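1. Sharing a sequence plus its predicted fold:
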Amino acid sequence: MGSMMSTRRVKLYVEAQDISDAPPWATELAARRATLSPQEKADCVRRLRAEHGWTYAKVAKLFGVSGSAVGLWVKLDAPEKRARVNEQAKEYRERHRYRLAANQRIGRDRKWHGPGVRAALWKAQDGNCYLCERPLGPELKAVIEHDHRCCPQNRSCEICRRGLACGPCNTIIGLARDDSDLLERIAVNLRPAVAMVTARLTALDNENAPLIDGA
C-alpha cells in the first residue's frame, strides 16, 4: 500500500512540473521520442540538466514518461551497460521460460477443461498419445484433444473430450477434419508408395556400391 502511494505521489509530482521554458530543440526531440536512440535520449537529458538546470521530473513531463525511465536513459547510456542489462533479462526469460509457460498452461487448463483433467488423462494413457501410442514427452505440451462439434477450440467437456494427443497427431486429424475413412485411405495408398520408393532407393544404392577386388 505504501509503495502504491509513493508511486502515486511521484506521478503527481511529475505532472505538476512547469515545462513552459522547454527549448525548441528539446520539444522537437520529445515529439519524436519513439524514434530516438538510447544515446540521443541520454544526450538530451544531460544537455537539459547542464544548460537549463532541468530535473529528471521536468524531462519526464516533457517526454511523457516516468521519472525512473529518464534515470534509466542516463544509467543505461553506456553500450556495455545496456548489453549487460539486456543479457540479464534474456537469461531470466530463458531460465524461467518453461516454468512461466507451465503456469500459463495450468491456468488455461483449469479454466477451459477443468481442474485435474490433464493429469487424469495422462495417468489413464500411461503418458502416451491416444492416437499413435507413442510417448507424449513433456506432459504440459500434450494436446487435450476433443470433438469440435461440441465445444469450441481450446475448450472441452466430458462429452467431447477424446484424450491427450501429441502435436503431430492433433494436426493430422485436424487437417483431415476427423474423417477416419479418409485417413485410412491415405494409409492404404501410402504403404505401397513408400515401399516402391524404398525399392528404387535400394536398387540405386546397389548400382552405386563400390566394386570389391576379386569379385
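-> Nice, I can see it.
2. Quick check: Glu133 is in a strand.
-> No - the assignment for Glu133, made by DSSP: H, G, I helix; E, B strand; the rest coil, is coil rather than a strand.
3. burial count for it?
-> 11 (other CB atoms under 10 Å). In short, each C-beta sits where N, CA and C put it, glycine included.
4. With Lys58 instead?
-> Lys58, neighbours per other CB under 10 Å, totals 22.
5. what's the spacing between it and Ala22?
-> With the distance defined as CB to CB, to the nearest Å, Lys58 ends up 8 Å from Ala22.
6. Same check on Ala142?
-> For Ala142 relative to Ala22 (CB to CB), the value is 58 Å.
7. ditto for Gln104
-> For Gln104 relative to Ala22 (CB to CB), the value is 44 Å.
8. Can you name the next helix or strand after the helix or strand of the chain with the lowest mean pLDDT?
-> Lowest on mean pLDDT, DSSP states H and E among the helices and strands of the chain sits helix 79-95, with a mean of 70. On the C-terminal side of helix 79-95, the closest following helix or strand by DSSP states H and E is helix 97-112.
9. Show me the domain layout of this protein.
-> 2-80, 102-175 (automatic domain parsing).
10. nearest to Asn189, of those domains?
-> Nearest of the domains of the chain to Asn189, taken as CB to CB: domain 102-175 at 15.3 Å.
11. Just the endpoints, please. Distance across the closest one?
-> 27 Å (CA to CA, to the nearest Å).
12. Equivalent analysis for stretch 163-178, please.
-> Stretch 163-178 has an end-to-end distance of 14 Å (criterion: CA to CA).
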